[in-house]
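A.B. asks: A structural model of the following input is requested.
(chains A and B)
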Protein chains: 2
Amino acid sequence: MSQIPPPASVLVVGTVAFDTIETPFGRAERVLGGSATYATLAARLLADPVRLCAVVGGDFPEAHVDALKSRGVDTEGLARDPDGETFFWAGRYHHDLNHRDTLATHLNVLATFEPEIPESYRDTRVLCLGNLDPTVQATVLDQVTGPDGSGPSLVIMDTMNYWIESAPEALRSTLARVDVLVINDAEARELGDTSNLVRAARIIREMGPQTLVIKKGEHGALLFTGDLDAPTLFSAPAYPLEEVTDPTGAGDVFMGGFAGHLARCGEISDEAFREAIVTGSAMASHCVGAFGPENMLSLTLDDVNARVQEFRDLSAIPMRLSA
Amino acid sequence: MSQIPPPASVLVVGTVAFDTIETPFGRAERVLGGSATYATLAARLLADPVRLCAVVGGDFPEAHVDALKSRGVDTEGLARDPDGETFFWAGRYHHDLNHRDTLATHLNVLATFEPEIPESYRDTRVLCLGNLDPTVQATVLDQVTGPDGSGPSLVIMDTMNYWIESAPEALRSTLARVDVLVINDAEARELGDTSNLVRAARIIREMGPQTLVIKKGEHGALLFTGDLDAPTLFSAPAYPLEEVTDPTGAGDVFMGGFAGHLARCGEISDEAFREAIVTGSAMASHCVGAFGPENMLSLTLDDVNARVQEFRDLSAIPMRLSA
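C.D. replies: Down below sits the predicted model:
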């Protein structure tokens, strides 16, 4: 166990975007989106300061920046390229909401994004590397020196199948420098090159991340900590939702809530990671109840705490069992 | 909450079979199999008496009957048709072991199986209806009068996609008479006619079973109890196995362990069902470690209790979370 000394700042480097989302239940046109948007909104409910580093174009309305600021997010690191257009993503979810088709990806200003970490962000304790080119993620790692030059207390990273396939060497190089990798089960199977998640986890952790979180959507999440060959496992349930309106951003909210809890509790341990997973899951279960980041802009700590208690009830095994 | 008065007998009506099993790791030829074999071996570790009702052919070796007897299973209800051949199943598991192809199904004596429940079995408290024609399951329900003529204390039922598709009316009629339905997630989505498991659960429970258990393989199991519109849910993890040798019988062991625990604890309640699911899952995680019923023939109560403790550790959420 180690500590994250206060003030346990969180920095999220990722995307701020316009999303057009179609689900069987409706459509949202060019709403505020992006991994850094969702993750900072989640983290800021738990931790302070929460810093955002991303890029937008000249078309990005100041009202969206104000929305982030109104929730307490530090937007000093939100770069604006007045001649470019904001990253745009459009997707359509299938009826079961577990699968989606990408209809459009316009990288726009993201294509040339070279994150410049503001001086005021460099002492960040908890660094979240959103899903970006692993080479770009590495340049962020170079710039975040931590309060004493020895780097952040904790580095959490996301990635996706695209980088696993197209930039395996850069990905390995960045993975070797992070503490926690947060990916979904399909990505874990691909990165570990095996269908067995326990075996995949061992292989991935050998690449660098001491801690691995595997998100399984409606089936919850798995946490691997401790010894590589005899890991400590935690299996978190998913919150069973009868209605899901829009899954967009749920994974980013999960990572933001995860990071925010660790910053809040100031501890790096198996127990803290378990709590962080439940907290991130609780926030994600709220996020999917409305289109875009709508619910994240009004979520309260009471909402989160109540949902965390529901997770406890959901997974409680009575203690009466005996032979 | 209600009670199951002692002696809380368990009766499993199902199949006893020869199985030929191929997995990426090996092959087993005409080994002892069948739902009633696996389920009674599991239940008997926890409860007594455990009764078996099934049919075999003239080709069934007495040594297999002796194996069941040696583990304490009451085989009085194992009918033998000397002119017929024993039910035979052959299957091949895919590399990920989550999917299998059926290579052969020879119903043989099972094609005309009309279970005759021995007089000594009719007072059974906990009745397990293995996956059979729902019309056949109903004839068993007619014969098991319970100790006082009011029927068993608890009826647990399994079924499969074949009956959901080919005998929907008979299935509905039998479902209306059972207390607990135990099916997998694909079957639940098909029976409830929706991809959302929470919604499917409500629809299925409206068909009769007050309690629903949905098995999700490597993702654990869900339990629905309580109010139909505001159910109490329990999400049980799966035991994360790095090596699975043969998944055959895991679902039947789960049901047998589930029933055996309820008989052992003598209580019908949400808490007892949660414990029963963890106990069944613990036993199933042992079953898949060897071909056929090999592990079930040597499993001890200490093995089960140790694995139950591992399930607790696996799903424990620390209690320190606060705002």
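A.B. asks: how about A:Ile13, phi and psi?
C.D. replies: Wrong residue type there; residue A:13 is Val, not Ile. A:Val13 has phi and psi values of phi -110, psi 120 when expressed as degrees, to the nearest 10.
A.B. asks: excluding its backbone neighbours, what's nearest it?
C.D. replies: Computed as CB to CB, 6 or more residues apart in numbering or on different chains, the closest residue to A:Val13 that is not its neighbour in sequence is A:Cys53, at 4.4 Å. (Glycine included, C-beta is placed from N, CA and C.)
A.B. asks: Please confirm that A:Gly91 is located within a strand.
C.D. replies: Yes. Judged by DSSP: H, G, I helix; E, B strand; the rest coil, A:Gly91 forms part of a strand.
A.B. asks: mind listing the strands for the stretch 51-200 of chain A?
C.D. replies: With strands called from DSSP state E, counting those that start in this stretch, the stretch 51-200 of chain A shows them at A:74-81, A:88-93, A:100-106, A:126-129, A:154-158, A:180-184.
A.B. asks: if you average pLDDT over the one helix or strand A:Leu41 maps to, what comes out?
C.D. replies: Assigned by DSSP states H and E, A:Leu41 belongs to helix A:35-44. Mean per-residue pLDDT for helix A:35-44: 98.
A.B. asks: Can I get that helix in PDB? Just the C-alpha atoms.
C.D. replies: Output of helix A:35-44 as PDB, limited to C-alpha atoms (Å, rounded to 0.1, in the frame of the first residue of the first chain):
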ATOM      1  CA  SER A  35     -13.400  10.800 -23.200                       C
ATOM      2  CA  ALA A  36     -12.000  13.700 -21.200                       C
ATOM      3  CA  THR A  37     -15.400  15.400 -20.900                       C
ATOM      4  CA  TYR A  38     -17.000  12.300 -19.300                       C
ATOM      5  CA  ALA A  39     -14.000  11.400 -17.200                       C
ATOM      6  CA  THR A  40     -13.400  14.900 -15.700                       C
ATOM      7  CA  LEU A  41     -17.100  15.300 -14.900                       C
ATOM      8  CA  ALA A  42     -17.000  12.000 -13.000                       C
ATOM      9  CA  ALA A  43     -13.700  12.600 -11.300                       C
ATOM     10  CA  ARG A  44     -14.600  16.200 -10.200                       C
END
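A.B. asks: For it, which outside residues touch it?
C.D. replies: When contacts are defined by CB atoms under 8 Å, 6 or more residues apart in numbering or on different chains, helix A:35-44 is touched by residues A:10, A:12-17, A:50-54, A:68, A:71-73, A:128, A:130-131, A:158, A:249, A:252-257, A:259-260, A:263, A:280, A:283, A:287, A:293, A:296-297, A:299.
A.B. asks: of those residues, buried ones?
C.D. replies: A:10, A:12-17, A:50-54, A:68, A:71, A:73, A:128, A:130-131, A:158, A:249, A:252-257, A:259-260, A:263, A:280, A:283, A:287, A:293, A:296, A:299 (16 or more other CB atoms under 10 Å in any protein chain shown).
A.B. asks: Where helices are concerned, which of those count?
C.D. replies: Cross-referencing the buried ones among the contacts of helix A:35-44 against helices under DSSP state H gives A:68, A:252-257, A:259-260, A:263, A:280, A:283, A:287.
A.B. asks: could I get those as a markdown table with distance to A:Leu32 and pLDDT?
C.D. replies: Converted to a markdown table, those look like this (distance: CB to CB, whole Å; pLDDT from 0 to 100):
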| residue | distance to A:Leu32 | pLDDT |
| --- | --- | --- |
| A:Leu68 | 9 | 98 |
| A:Asp252 | 12 | 97 |
| A:Val253 | 13 | 98 |
| A:Phe254 | 18 | 98 |
| A:Met255 | 18 | 98 |
| A:Gly256 | 15 | 98 |
| A:Gly257 | 18 | 98 |
| A:Ala259 | 20 | 98 |
| A:Gly260 | 19 | 98 |
| A:Ala263 | 24 | 97 |
| A:Gly280 | 20 | 98 |
| A:Met283 | 17 | 98 |
| A:Cys287 | 13 | 97 |
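A.B. asks: still on that earlier bit, give the contact list for the residue nearest to A:Val13.
C.D. replies: By CB under 8 Å, 6+ apart, A:Cys53 lies in contact with A:11-14, A:36, A:77-79, A:115, A:117-118, A:121, A:140.
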